[in-house]
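Participant: Predicted model follows, preceded by the sequence.
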Amino acid sequence: MSLADQPTATVAVTPLDAGTVGGSVAVSLDLLPGNWYTVDSGFSADSIVINDNDLPTVSIVASTPNATESSGSPGGESCKGGRD
């Protein structure tokens, strides 16, 4: 990227959808000093966070899905969950 006698520039960051759960990603940009320009130290770096739009799939399955109300009946059992 060249600033070529321009005092400012816009850097476009285009996220790509991976289609899988991956979490957030940080993107950082640092301006380094050069021979032909000076860098304002208060504005030499910035970062953004791209939040993942893919959420995990959660499912619940009852290990004993049927229970009765009669006395002495064991009733239902706790559920087991899973996550992709």
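Facilitator: Now that the structure is in, tell me what you want to look at.
Participant: low pLDDT regions in the chain?
Facilitator: Scanning the chain with the threshold set as pLDDT under 70 gives 1-4, 70-84.
Participant: For the most centrally placed residue in it, give me its contacts.
Facilitator: By Cα atoms, centre = their mean, the chain has its centre lying nearest to S24, at 2.4 Å. Taking Cβ atoms under 8 Å, 6 or more residues apart in numbering, we find S24 in contact with V49, I50, N51, D52. Any C-beta I mention is one placed from the backbone N, CA and C, and that applies to glycine too.
Participant: and the third one, how many neighbours?
Facilitator: I take that to be N51. By other Cβ atoms under 10 Å, 8 other residues sit near N51.
Participant: follow-up on the earlier one: counting only strands, which of the contacts of S24 make the cut?
Facilitator: V49, I50 (DSSP state E).
Participant: Would you mind checking which of the contacts of S24 is nearest to T14?
Facilitator: Among these, I50 lies closest to T14 (Cβ to Cβ), at 9.7 Å.
Participant: who touches the closest one in this structure?
Facilitator: I50 is in contact with V13, P15, S24, V25, A26, V27, counting by Cβ under 8 Å, 6+ apart.
Participant: one more time with 10 Å
Facilitator: The neighbourhood of I50, defined by Cβ atoms under 10 Å, 6 or more residues apart in numbering, consists of V13, T14, P15, L16, G23, S24, V25, A26, V27.
Participant: Can you list the strands that the strand or helix carrying S28 pairs with?
Facilitator: In this structure, S28 sits in strand 25-30 according to DSSP states H and E. Applying DSSP bridges to the sheet, strand 25-30 is found paired with strand 45-50 (antiparallel).
Participant: got the CA coordinates for the partner strand in PDB?
Facilitator: C-alpha atoms of strand 45-50 as PDB (Å, rounded to 0.1, in the frame of the first residue of the first chain):
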ATOM      1  CA  ALA A  45      -1.500   1.800  15.500                       C
ATOM      2  CA  ASP A  46      -5.000   0.500  15.600                       C
ATOM      3  CA  SER A  47      -6.900  -2.700  15.700                       C
ATOM      4  CA  ILE A  48     -10.300  -4.200  15.100                       C
ATOM      5  CA  VAL A  49     -12.000  -7.400  16.300                       C
ATOM      6  CA  ILE A  50     -14.000  -9.500  13.800                       C
END
